[in-house]
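In: With the input below, show me the fold.
(one chain, ligands or ions: 2)
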Amino acid sequence: MDKGKAMIRALGMMSGTSLDGVDAALIETDGVRIGGFGRSAYRAYSGNEAAVLHAARGRWPGEPGVAEAAEITRAGHADLAKAFPEAEVVGFHGQTFAHEPRGRGTHQAGDGAHLARDLDRPVVWDFRSEDVRQGGEGAPLAPFFHWACADWAAGQRLLPRAPVAFLNLGGVGNVSWVDPTAEAPEAEGACLAFDTGPANAPLDDLMRTRRDVARDEGGALARQGHADAGVVEQFLQHRFFERKPPKSLDRDEFSDLPRMVAGLSDADAAATLVAVIAGSVAAGIRWLPAPPETVLVCGGGRSNPAIMEALTATLPCEVQPVEAVGLDGDMLEAQAFGWLAVRVLNGLPTSGPSTTGAPGPVCGGRISHPRGLSR
Ligand SMILES: Nc1ncnc2c1ncn2[C@@H]1O[C@H](COP(=O)(O)OP(=O)(O)OP(=O)(O)O)[C@@H](O)[C@H]1O
Ligand SMILES: CC(=O)N[C@H]1[C@@H]2OC[C@@H](O2)[C@@H](O)[C@@H]1O[C@H](C)C(=O)O
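Out: Ligands and ions are numbered 1, 2, ... in the order given. Have a look, this model is predicted:
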């Protein structure tokens, strides 16, 4: 029997499509099982930093503003990672500015080799490019980690050892159906995952444009409004929802959405965007191998009661925040990239046919060492 590898203390770092800041979280893992979770921290981007990052949305390396945005990304991560001297390796996702897996590729900004020198520790980064090169979507990558979370929660007797769905609501939404009775996340039938549709990004954009604030705090505005059922129905006709998974999305893929709610009051527009999120998830759930009994919600969307109420009303199953099974919904993605970093160090696959649609298991990620040796 394989004795497995040693447990490593990794720091995972994620700055997602909401462009609000950087999450960092410690995790102990051998790249398969979770040995334990550690402390975490968050560093918000300042108004000026966020403005530079937003200006680089949709752009590719070499285009105007990208070098500056990449530097802000690296420096922000270096600043936060210094508070975690106990981490043996750092998993650095980088900032996604553009994602076109069947076109120009996928663009996560921030130089991991430079970060490894900053931190004097190995950094694993550029997690998505190899998957795209091999014909996959390059996203989502958290699903194998969601399998490990279900395995961990079952081990702690916080969940039955049975299939469960994780729903991440960040800027974009993604769902992972995972079966912790499988022996590994890459095993046949262990996972099915894909992006569901827009999540907080269009709502944040609406709040920025119309109210000059970053988000609809507590869903207060959406809760005052009424969703326009016609707009929601029209939106759900989009061919993305008919596409069989695996499938992934760019943050700004649904560029029609702001125009579709342009004639609505602020409150009705916010309520409509919330209904769009729930409707997209419901459309996605239909692709899962079996209807899940429970959907465990992580990401910022679970802190918006309007979204949680809409999900509860729309989905054919129980809806709970991941905290219900002892996990930290704000840090799950950061933990995922710590766990994935250890997988990369140990030569284990980070994605495959069931998560990104790559033709076979993909060992993605690049390793940079502080004094220059790289893979
Ligand atoms: N208290 C709150 N009230 C309303 N919305 C909230 C609240 N807290 C977080 N959010 C929403 O969650 C978003 C951030 O979510 P999260 O940090 O999961 O996104 P991300 O990781 O950047 O995105 P992705 O997962 O797409 O990469 C915010 O932009 C906001 O829209
Ligand atoms: C290209 C990219 O950065 N995609 C993100 C984004 O944010 C949510 C969703 O879209 C998901 O596909 C992915 O992030 C998570 C961490 C993932 O790869 O699982």
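In: Can I get stretch 81-88 in CSV, CA atoms only?
Out: Taking Å, rounded to 0.1, in the frame of the first residue of the first chain, the C-alpha atoms of stretch 81-88 are listed here in CSV:
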residue,chain,number,x,y,z
ALA,A,81,2.5,36.5,2.7
LYS,A,82,5.3,37.9,5.0
ALA,A,83,2.9,37.5,7.9
PHE,A,84,3.1,33.7,7.4
PRO,A,85,6.8,32.7,8.0
GLU,A,86,5.7,29.2,8.9
ALA,A,87,4.6,28.3,5.4
GLU,A,88,6.9,25.9,3.6
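In: Centre of the chain to it, how far?
Out: Distance of stretch 81-88 from its chain centroid, counting by Cα atoms, centre = their mean, to the nearest Å, is 22 Å.
In: again, but for stretch 64-73
Out: Going by Cα atoms, centre = their mean, where stretch 64-73 is centred and where its chain is centred differ by 21 Å.
In: got the contact list for that stretch?
Out: Stretch 64-73 is contacted from outside by 15, 45, 49, 52-53, 55-56, 59-60, 94-95, 97, 109-111, using Cβ atoms under 8 Å, 6 or more residues apart in numbering. Quick note: C-beta positions are derived from backbone N, CA and C, even for glycine.
In: rerun that using 7 Å as the cut-off
Out: Counting by Cβ atoms under 7 Å, 6 or more residues apart in numbering, stretch 64-73 makes contact with 15, 49, 52-53, 55-56, 59, 94-95, 97, 109-111, all of which sit outside it.
In: Tell me which two of those residues sit farthest apart.
Out: Between all members of the contacts of stretch 64-73, the longest pairwise span (Cβ to Cβ) is found for 55 and 111 and amounts to 19.0 Å.
In: which one of those two has more residues nearby?
Out: Relative neighbour count places residue 111 above the other of residue 55 and residue 111, with 20 against 15, counting by other Cβ atoms under 10 Å.
In: Which parts of the stretch 101-250 of the chain are strands?
Out: If you assign secondary structure with DSSP state E, counting those that start in this stretch, the strands in the stretch 101-250 of the chain sit at 105-109, 123-125, 164-169, 172-178, 191-198.
In: Without its sequence neighbours, what residue ends up closest to residue 179?
Out: Residue nearest to residue 179 in three dimensions, not counting chain neighbours: residue 163, with 4.6 Å by Cβ to Cβ, 6 or more residues apart in numbering.
In: How about the contacts made by that neighbour?
Out: Contacts for residue 163 were tallied using Cβ under 7 Å, 6+ apart; they are 177, 178, 179, 290, 292.
In: Then residue 92?
Out: If you count contacts by Cβ under 7 Å, 6+ apart, residue 92 has them with 13, 77, 110, 112, 115, 123, 124, 125.
In: do residue 234 as well
Out: Residue 234 makes contact with residue 260, according to Cβ under 7 Å, 6+ apart.
In: what are the ranges of the helices in this protein?
Out: Residue ranges of the helices in the chain, as given by DSSP state H, are 47-55, 66-81, 112-119, 129-133, 143-155, 200-211, 220-224, 229-235, 257-260, 266-285, 305-314, 332-345.
In: how about JSON lines for those, with mean pLDDT and distance to residue 248 added?
Out: Listed next are the helices of the chain as JSON lines, based on pLDDT from 0 to 100; distance: least, Cβ to Cβ, whole Å:
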{"stretch": "helix 47-55", "mean pLDDT": "96", "distance to residue 248": "20"}
{"stretch": "helix 66-81", "mean pLDDT": "98", "distance to residue 248": "21"}
{"stretch": "helix 112-119", "mean pLDDT": "97", "distance to residue 248": "21"}
{"stretch": "helix 129-133", "mean pLDDT": "98", "distance to residue 248": "10"}
{"stretch": "helix 143-155", "mean pLDDT": "98", "distance to residue 248": "11"}
{"stretch": "helix 200-211", "mean pLDDT": "96", "distance to residue 248": "14"}
{"stretch": "helix 220-224", "mean pLDDT": "98", "distance to residue 248": "26"}
{"stretch": "helix 229-235", "mean pLDDT": "98", "distance to residue 248": "19"}
{"stretch": "helix 257-260", "mean pLDDT": "97", "distance to residue 248": "18"}
{"stretch": "helix 266-285", "mean pLDDT": "98", "distance to residue 248": "12"}
{"stretch": "helix 305-314", "mean pLDDT": "98", "distance to residue 248": "21"}
{"stretch": "helix 332-345", "mean pLDDT": "98", "distance to residue 248": "15"}
